[in-house]
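> turn this into a structure:
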Amino acid sequence: MSIAPVRPDLRKSRRSGFTLLEIMLAVAILAMMSMAIYRFVQSNILALRISTEATASDARFDALRELLTAQLQSLPAGSAALTGDPIKLNDRSRDEIRWACGAGIGVLTRYAGTDFTVAMRLRQEKKSDRFDLCLLRKPKDDVSFTDVHETWVPLLENVKSLQIRYFDSRLNVWVSRWTDTVTLPRLVKVTIERNDASVPWEAIIPLGRTPL
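Down below sits the predicted model:
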């Protein structure tokens, strides 16, 4: 009695692998998942970068507010310590405010041996149409017309306009120019418009104690 050889089931052997259609479908699913993960990570990195840049920008404006507050609130009345002029350039405000100050960390003159006249204004970048907000320092007793003793201290870059207003408590109005050599304005309002921000930054600095 002979035993017939066992033949493999061809149908089972054919189903033991993946078809080309199944492989292509798996590759497509993996590609879609990879793209979704990439876009998710990319959007989170972008949001983190924007948030970091906004935080850094806010910190610089906060530092500017603290600097102006410290400088303007220390000015003595009756000594022509503060003056300001409205300036227009290409229909944009390029105002300038000037004050007298001694050596101090606020304008990086801690170790200077003389008083300074400081002007906050916009300065055009070299070989560019962009403007930066800077402090221009010059020794108070320097009456020369040259700029040999001038020093620029950068504050903010890429500024579109600078508007400064002064609150005159005698008239109860905001004015664009301050030339009073006896009294100081009650408030100083600084508005800065930037090219990379849709909403201008504004700070109102009191030069004296406000009544409760």
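> and whatever helix or strand Ala203 lives in, what's buried?
In this structure, Ala203 sits in strand 201-206 according to DSSP states H and E. Across strand 201-206, burial judged by 16 or more other Cβ atoms under 10 Å covers Trp201, Ala203, Ile205. Using the backbone N, CA and C atoms, a C-beta is placed for each residue, glycine as well.
> now the residue nearest to the last one when sequence neighbours are not counted: how far from Asp62?
Closest residue to Ile205 apart from its sequence neighbours, by Cβ to Cβ, 6 or more residues apart in numbering: Val188 at 4.8 Å. Spatial separation of Val188 from Asp62 under the definition Cβ to Cβ, to the nearest Å is 17 Å.
> more neighbours, these two?
Val188 (25 against 11; other Cβ atoms under 10 Å).
> contacting residues around the more buried one?
Leu68, Leu72, Ile97, Ile164, Arg165, Tyr166, Phe167, Ile204, Ile205, Leu207 (Cβ atoms under 8 Å, 6 or more residues apart in numbering).
> let's have the buried residues of strand 201-206 in TSV, adding pLDDT.
Shown next, in TSV, are these (pLDDT from 0 to 100):
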residue	pLDDT
Trp201	91
Ala203	93
Ile205	93
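> show the subsequent helix or strand relative to the helix or strand bottoming out on mean pLDDT in the chain.
Sorting the helices and strands of the chain by mean pLDDT, DSSP states H and E puts helix 10-14 at the bottom, at a mean of 52. Sequence order places helix 20-72 as the next helix or strand after helix 10-14, per DSSP H and E.
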